[in-house]
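*Asks:* Quick check, what structure comes out for this input:
(one chain, ligands or ions: 1)
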Amino acid sequence: MKTVSKADLYRKLPSVDELVRRPALASLVSQEGQIAVTDAARAVLESLRKEISLGSLDADRVDLALSGLDSAVERQCRRALRYSLRSVINATGVILHTNLGRAPLPDSALEHIRKTAGAYSNLEFDVESGERGKRDAHMQRLFSKLLSDDVQVGPPVSTIVVNNNAAAVLLALNTLAEGGEVIVSRGELVEIGGSFRIPEIMSKANVLLREVGTTNRTRIRDYERAITEKTRLLLRVHRSNFEISGFTEQPKLEELVRLARERNIPLMEDLGSGALFDLHSIGMSGEPTVLDSLRAGVEVVTYSGDKLLGGPQAGLLSGRGDLVARMRANSLFRALRVDKLTYAALEATLMAYVKADYDSIPTLRLMRLSKEEVGRRAESVAEKVQSRQVSVEVVDGESVIGGGAAPSAAVPTRLLAVACAGMSPDKLAGRLRAFDPPIIARVEEGRVLLDLRTVFPQQDEIIVQALAQIAA
Ligand SMILES: *Cc1c(COP(=O)(O)O)cnc(C)c1O
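*Replies:* Predicted coordinates for the structure are as follows:
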C-alpha cells in the first residue's frame with residue numbers, strides 16, 4: 001500500500017458543483033430538482049471527507065468510493081426525499097394495530113376522499129337551498145339507517161362525529177355532567193394505551209368521579225347507594241384491553257338501564273371498539289354492537305371509527321337525539337370537530353355497511369379470512385423460499401383482533417415460522433424491517449413468526465423476495 005497524504009486524498013474529491021453537473025446525475029436533477037441533488041452531493045462528499053480525516057480510507061478505498069459517487073448521491077437523494085410516514089407490511093397478525101395505523105381504509109373511502117378533498121365540496125353547504133349547511137348532516141342519513149331499530153323502543157337516535165373516541169368521551173362527560181358527579185365501577189377505571197385514563201378525562205371534563213364497588217365486584221346496589229342529587233350520569237366502560245376473571249361480578253346492562261330510568265339519570269357506555277357488524281356470525285363473542293347497546297336502553301354510546309368499524313380515526317357519539325343535540329351545541333364540539341377527509345372516509349365506510357358489502361372493508365375482510373385460506377398462502381410462500389440458509393415452517397397459531405376489541409378475541413390462523421442459520425430471531429426481524437416496504441413480524445419463543453392474515457395477498461410476493469434475499 002502506497003502512502004498518500006490526506007491532502008492528496010482530499011484533492012481527489014470533486015467539488016459539490018462539479019459533482020452535481022455530471023451528466024450521470026442529469027436525470028436525477030430533472031426529476032428531483034437542483035436543490036435536493038446539491039444537498040445530497042454535499043452530504044455524500046462531507047461524509048467522505050470525514051472518513052479521510054479519521055484515516056479510515058486509504059487511496060484504494062477512496063478510488064472505490066469515487067467510482068460509486070454518482071449512485072451514492074442518488075441513494076442519498078432518494079433517502080432524504082422519502083416520506084417519513086410510509087406504508088409497511090403488517091405481518092404481526094394483529095388486525096387493529098394502533099402503532100401500525102389501526103384500520104386500513106376501504107378502497108371506496110380512498111376514492112371518496114380523492115374526489116371530494118381534491119376539489120371543493122358541499123361540506124357545509126346545502127346545494128338545494130344555496131345556504132350554509134352543517135357538516136355532520138352528511139353522516140346522519142347513513143347512521144340512522146344503520147342504527148335505527150325495527151322495534152324503535154326509544155326516541156330516534158342521532159350521531160355526531162369528533163376527532164377520536166377519547167374526544168367523544170370528553171365531550172359527552174362535559175356536556176352531560178359538568179360540575180356534577182359521574183358514577184363508574186372501580187372495575188372499569190381503565191387506561192387505554194397512550195394515556196387515555198378515565199379518571200383524568202373526568203377531571204378535564206370538569207366532572208367528579210364517583211367510584212363504586214371494588215376492582216373485581218360491583219353490584220347494582222353499589223350504584224344505587226352512590227346516587228345523590230349531584231349525580232348527572234351513570235357511565236359504563238368497556239374493558240377493552242384486560243379481563244378480570246375469577247371471583248367477579250358486574251351488574252347486567254338491563255339492571256343499569258332500569259336504575260337509570262327509575263332515577264331519571266342518563267346512562268352512557270364507552271364501547272371503545274363499537275362494532276356495527278355482528279361478530280357472533282364469525283365466531284367472536286363478548287363484543288356487543290352499537291345497536292345492541294342502544295337497544296338495551298343505553299342513552300349515549302361512544303366508540304372509535306378506526307377500530308372494529310374499520311373506517312378512519314374518529315370518535316362517534318350515538319344516542320338520544322336531545323342529548324346528542326346538547327353535545328353538538330357545546331363549544332368543545334367545534335374544537336374537536338373532524339375535517340372533510342374524515343367525513344369522506346367515514347361516509348364511504350358506512351355506505352359499505354348499508355350495502356352489506358363487508359368484504360370491501362379490510363378490517364372485516366381480514367377477520368373473516370379462514371385459517372385454511374391463510375394457510376394456503378403461507379404454504380405457497382414457504383415453498384418458494386426454502387433454502388439451506390433459511391428454514392420456513394407453517395404452523396398453527398392465533399391472530400389477534402387488537403385495538404381494544406374483546407381482549408380474549410383471537411382468530412385461529414396459520415403462521416410462517418422463519419429461522420435463518422447464524423442469525424438471531426431479533427436480527428432476522430430487524431432485517432425484515434429494513435426492507436422497503438418494511439415487513440413487521442412477531443418474535444415469539446425464539447422464532448420469527450409471520451401471519452399472512454394481515455398481509456394483503458399482493459404483498460405475499462414481497463415477503464418471498466425479502467426472505468429469498470436474506471437467504472442469499
Ligand atoms: C380505544 C378506546 C378508547 C380510545 O379511543 P380512541 O379512538 O383511540 O381515542 C376509549 N375507550 C375505550 C374503552 C377504548 O377501547
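*Asks:* how much space between the residue nearest to residue 34 when sequence neighbours are not counted and residue 337?
*Replies:* Distance criterion C-beta to C-beta, 6 or more residues apart in numbering; nearest residue to residue 34, sequence neighbours excluded, is residue 20 at 7.1 Å. Where C-beta positions appear, they are placed from N, C-alpha and C, glycine not excepted. Distance of residue 20 to residue 337, computed by C-beta to C-beta, to the nearest Å: 47 Å.
*Asks:* Who has more neighbours out of the two?
*Replies:* Ranked by neighbour count (other C-beta atoms under 10 Å), residue 20 and residue 337 place residue 20 first, with 20 against 16.
*Asks:* my read: the more buried one touches residue 39, true?
*Replies:* No. Contact status for residue 20 versus residue 39: not in contact, 9.8 Å apart, counting by C-beta atoms under 8 Å.
*Asks:* returning to that earlier point: list the contacts of the residue nearest to residue 34.
*Replies:* 29, 34, 37-38, 41 (C-beta atoms under 8 Å, 6 or more residues apart in numbering).
*Asks:* repeat that with 10 Å
*Replies:* 14, 26, 28-29, 34, 37-42, 73 (C-beta atoms under 10 Å, 6 or more residues apart in numbering).
*Asks:* can you check residue 230 too?
*Replies:* 177, 179-182, 208, 210.
*Asks:* so where's the stretch 51-200 of the chain shaky on pLDDT?
*Replies:* 149-155, 191-195 (pLDDT under 70).
*Asks:* Also the stretch 301-450 of the chain?
*Replies:* If you take pLDDT under 70 as the line, the stretch 301-450 of the chain has these spans: 404-408.
*Asks:* where do the helices sit along it?
*Replies:* With DSSP state H, counting those that start in this stretch as the criterion, the stretch 301-450 of the chain has helices at 321-329, 331-335, 340-354, 362-368, 371-385, 425-433.
*Asks:* Residue numbers of the stretch 51-200 of the chain in contact with the ligand?
*Replies:* 164-166, 192, 196 (C-beta under 6 Å from any ligand atom).
*Asks:* which residue sits closest to residue 396, ignoring its sequence neighbours?
*Replies:* Leaving aside its chain neighbours, residue 396 sits nearest to residue 414 (6.4 Å; criterion: C-beta to C-beta, 6+ apart).
*Asks:* ok, how many other residues are close to the one you found?
*Replies:* 22.
*Asks:* With residue 218 instead?
*Replies:* 21.
*Asks:* My read is that it contacts residue 248, right?
*Replies:* Yes. Here residue 218 lies in contact with residue 248, judged by C-beta atoms under 10 Å, at a distance of 9.1 Å.
*Asks:* now the strands for the stretch 51-200 of the chain?
*Replies:* Assigned by DSSP state E, counting those that start in this stretch, the strands in the stretch 51-200 of the chain fall at 89-90, 94-96, 125-126, 131-132, 157-162, 181-185, 191-192, 196-197.
*Asks:* Just list what the strand ranked longest in the chain packs against, helices and strands only.
*Replies:* Under DSSP state E, the strand in the chain containing the largest number of residues is strand 390-402. For strand 390-402, the helices and strands in contact under the criterion 3 or more C-beta pairs under 10 Å, 6 or more residues apart in numbering; DSSP states H and E are strand 94-96, helix 362-368, helix 371-385, strand 410-420, strand 442-444, strand 447-451, helix 460-471.
*Asks:* which residues does residue 260 contact?
*Replies:* 183, 223, 227, 233-234, 266-268, 297-299.
*Asks:* follow-up on the earlier one: redo the contacts of residue 20 as a markdown table? Include distance to residue 143, neighbour count and secondary structure.
*Replies:* A markdown table is the format used below for the contacts of residue 20 (distance: C-beta to C-beta, whole Å; neighbours: other C-beta atoms under 10 Å; DSSP: H, G, I helix; E, B strand; the rest coil):
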| residue | distance to residue 143 | neighbour count | secondary structure |
| --- | --- | --- | --- |
| 14 | 64 | 14 | coil |
| 26 | 56 | 12 | helix |
| 28 | 50 | 20 | helix |
| 29 | 52 | 17 | helix |
| 34 | 51 | 10 | helix |
| 37 | 51 | 25 | helix |
| 38 | 53 | 17 | helix |
| 39 | 49 | 19 | helix |
| 40 | 50 | 26 | helix |
| 41 | 55 | 27 | helix |
| 42 | 55 | 15 | helix |
| 73 | 53 | 25 | helix |
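*Asks:* With that, I have no additional questions.
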